[in-house]
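Q: Predicted model follows, preceded by the sequence.
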Amino acid sequence: MRSFVAEFIGTFFFVLTAGLAVTGTSVGAISGLAMAGMLGAMTYAVGPISGGHLNPAVTLGILVRGRISWLVLLSYWVAQLMAGTLAALTFIFLKGSAVPQPLEPMVGQALLAEFLFTFALCFVILTVATSPATAGNSFYGLAVALTMLAGAFAVGSISGALFNPALALGFTFMGLLAGNSLWIYFVAELAGAISAALIFRSLLTRK
């Protein structure tokens with residue numbers, strides 16, 4: 001239960017911050033900084049309790065890595081997706097209907113962008129948080145935040161730089177992402193996570 005609550009809290013504040021940041025008066029680079037900052041802070045905050053996944057794709061990658069069970073994956077997914085939904089409802093209460101035109105990206109470009117940078121995010125997390133070579137480090141949250149920030153700068157204009165199915169779900173409910181595009185993010189992000197975990201296992205894991 002402690003891990004469930006920790007994942008819920010961390011994911012909620014990350015998704016809410018992302019929604020408010022991209023619809024605020026200062027968007028672009030500033031919104032990317034806000035998202036990365038909250039992600040890094042919440043990773044540090046709940047990492048000692050739940051591992052600080054805050055992302056269904058990351059949780060899937062850690063399952064494939066062999067560090068959690070299917071039961072843990074399902075409980076984390078419930079917490080993360082519930083948090084994304086509640087964050088969307090909070091966003092609607094705070095912002096009302098004052099949202100821009102929902103993002104409806106080009107399918108091929110968005111699939112590739114979300115796949116590549118979700119891969120990068122998951123690979124970084126697996127390396128800094130689950131590798132014996134980096135056990136006990138104090139930089140894991142910073143590494144996660146920097147990867148998120150770099151991805152936002154790199155492909156934000158292509159796919160929105162979500163890299164997180166809970167964030168994609170939240171953005172859909174907020175009206176920031178077209179509902180018919182949601183599948184792109186789930187497919188690309190989960191595939192990126194699985195690929196990162198498989199490559200991590202082949203390159204770095206010491207059983």
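A: Received it, and whenever you're ready, just let me know what you need. Residues are numbered from 1 along each chain as shown.

Q: Residue 3 contacts residue 50, correct?
A: Yes: shown here, residue 3 and residue 50 form a contact pair, counting by CB atoms under 8 Å, at 3.9 Å. To be clear about C-beta, it is placed using only N, CA and C from the backbone, and glycine gets the same treatment.

Q: longest helix anywhere in the protein?
A: helix 70-95 (DSSP state H).

Q: Flag every buried residue along the first helix or strand past that helix going along the chain.
A: For helix 70-95, the following helix or strand on the C-terminal side (DSSP states H and E) is helix 107-130. Buried positions in helix 107-130, judged by neighbour count with 16 or more other CB atoms under 10 Å: 110-130.

Q: Leaving out sequence neighbours, find the closest residue to residue 151.
A: residue 117 (3.9 Å; CB to CB, 6 or more residues apart in numbering).

Q: Relative to residue 110, how far out is that neighbour?
A: 11 Å (CB to CB, to the nearest Å).

Q: for this protein, which residue is closest to the average position?
A: Residue closest to the average C-alpha location in the chain (CA atoms, centre = their mean): residue 164, at 3.3 Å.

Q: Next up, the contacts around the nearest residue in space to it that is not next to it in sequence.
A: Spatial nearest neighbour of residue 164, chain neighbours left out: residue 55 (4.3 Å); criterion: CB to CB, 6+ apart. Contacts for residue 55 (CB atoms under 8 Å, 6 or more residues apart in numbering) come out as 11, 80, 121, 163, 164, 165, 166, 167.

Q: quick revisit: can I assume the residue nearest to residue 151 is in contact with residue 161?
A: Yes: using CB under 8 Å, residue 117 is in contact with residue 161, at 6.8 Å.

Q: Quick check: neighbours shared by these two?
A: What both residue 117 and residue 161 touch, as defined by CB under 8 Å, 6+ apart, is the set 151, 154, 155.

Q: Run through the neighbouring helices and strands of the lowest-mean-pLDDT helix or strand in the chain.
A: Across the helices and strands of the chain, mean pLDDT, DSSP states H and E gives its lowest value to helix 29-50, namely a mean of 92. Judged by 3 or more CB pairs under 8 Å, 6 or more residues apart in numbering; DSSP states H and E, helix 29-50 is in contact with helix 2-22, helix 140-159.

Q: hey, C-alpha coordinates of that helix in CSV?
A: In CSV, the C-alpha atoms belonging to helix 29-50 read as follows (Å, rounded to 0.1, in the frame of the first residue of the first chain):
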residue,chain,number,x,y,z
ALA,A,29,11.3,25.7,-22.9
ILE,A,30,9.8,26.8,-19.6
SER,A,31,7.2,24.0,-19.7
GLY,A,32,9.9,21.5,-20.3
LEU,A,33,11.8,22.7,-17.3
ALA,A,34,8.7,22.5,-15.1
MET,A,35,8.0,19.0,-16.2
ALA,A,36,11.6,17.8,-15.7
GLY,A,37,11.9,19.6,-12.4
MET,A,38,8.8,18.0,-11.0
LEU,A,39,9.7,14.6,-12.3
GLY,A,40,13.2,14.8,-10.8
ALA,A,41,11.8,16.0,-7.5
MET,A,42,9.1,13.4,-7.2
THR,A,43,11.6,10.7,-8.2
TYR,A,44,13.8,11.6,-5.3
ALA,A,45,10.7,12.0,-3.0
VAL,A,46,9.1,8.6,-3.6
GLY,A,47,12.1,6.6,-4.9
PRO,A,48,13.0,5.2,-1.4
ILE,A,49,9.4,4.0,-1.0
SER,A,50,8.3,2.7,-4.4
